[in-house]
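**Student:** Dropping the sequence and predicted coords here.
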Amino acid sequence: MLAAMTKKRVAVVLSGCGVYDGAEIHESVLTLLALDRAGVEIVCTAPDVSQMHVVDHVAGKPTGESRSVLVESARIARGKLTPLDALAPGDIDAAIFCGGFGVAKNLSDFATKGAEMSVEPTTAMFVNALVAAKKPIGFMCIAPVIAARLVPGCELTIGDDAETAAACEKMGAKHVRCAVTEIHVDARHRIVTTPAYMLAQRVTEVATGIDKLVMAVLEFA
């Protein structure tokens, strides 16, 4: 099993750097750690677009600055990052989307439009291509809203937040309530989801769910 896993190549999709305007850093690092422990080759990636806005994470308020999702994501990737539009399904065996408000602000406009959301074009093309190629995809935290919009009839979890769950179902997905340390597996669509910081109160809870998500994605791969 381990020997097979060492040959796998998994994309980790980021949406900036920081929970309020980009990728959730704990979730991102825990994903990278779980993948590295599994012996896979990691390809960090992000779309080359501007952030919706930049948030001062101390004050919790927008700063008026402008930043690049790609450049900010490179902070988490330690500078080694592939632009999303340069990555094709044939280059990887699976993909995992980390959470954070960047998913709802930069990879989509869910933060402002809810169930009427659209997905950032490069991100939408990437996900649609993965689905067509039957490559497994993991989504954590708020990221499952992307699956809800792009994969009709898919099953997913964001935990138990009623408003977000209702938005996912309005977009055509089936929401399944799930504990923070658990995952939901949609075998038909090869989609794995976990609540992460949609529910978590401790980083250890996030780690447990992400570890399970990573292993389930790798089993599909």
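**Tutor:** The structure has been received and is ready for your questions.

**Student:** got the contact list for the residue nearest the centre of the chain?
**Tutor:** Nearest to the geometric centre of the chain sits residue 97, at 1.9 Å (C-alpha atoms, centre = their mean). Residues counted as contacts of residue 97 (C-beta atoms under 8 Å, 6 or more residues apart in numbering) are 13, 103, 107, 137-140, 143, 146. From N, CA and C alone the C-beta is placed, and that goes for glycine too.

**Student:** In helices, which of those residues appear?
**Tutor:** The helices, defined by DSSP state H, take in 103, 146 from the contacts of residue 97.

**Student:** Tell me what residue 97 is bridged to.
**Tutor:** Using DSSP bridges, the bridge partners assigned to residue 97 are residue 13, residue 139.

**Student:** so where do the helices sit in this protein?
**Tutor:** Using DSSP H, helices in the chain cover 2-5, 25-37, 69-76, 101-105, 110-113, 121-132, 144-150, 162-170, 203-220.

**Student:** Using TSV, lay out these together with distance to residue 182, mean neighbour count and mean pLDDT.
**Tutor:** As requested, the helices of the chain are exported to TSV (distance: least, C-beta to C-beta, whole Å; neighbours: other C-beta atoms under 10 Å; pLDDT from 0 to 100):
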stretch	distance to residue 182	mean neighbour count	mean pLDDT
helix 2-5	22	10	44
helix 25-37	15	20	98
helix 69-76	25	22	98
helix 101-105	20	26	98
helix 110-113	23	16	98
helix 121-132	23	18	98
helix 144-150	14	26	98
helix 162-170	15	16	98
helix 203-220	7	21	98
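
**Student:** out of those helices, nearest to residue 51?
**Tutor:** Nearest of these to residue 51, taken as C-beta to C-beta: helix 69-76 at 5.6 Å.

**Student:** Could you tell me the end-to-end distance of stretch 93-110?
**Tutor:** Its start and end residues considered, stretch 93-110 measures 27 Å (C-alpha to C-alpha, to the nearest Å).
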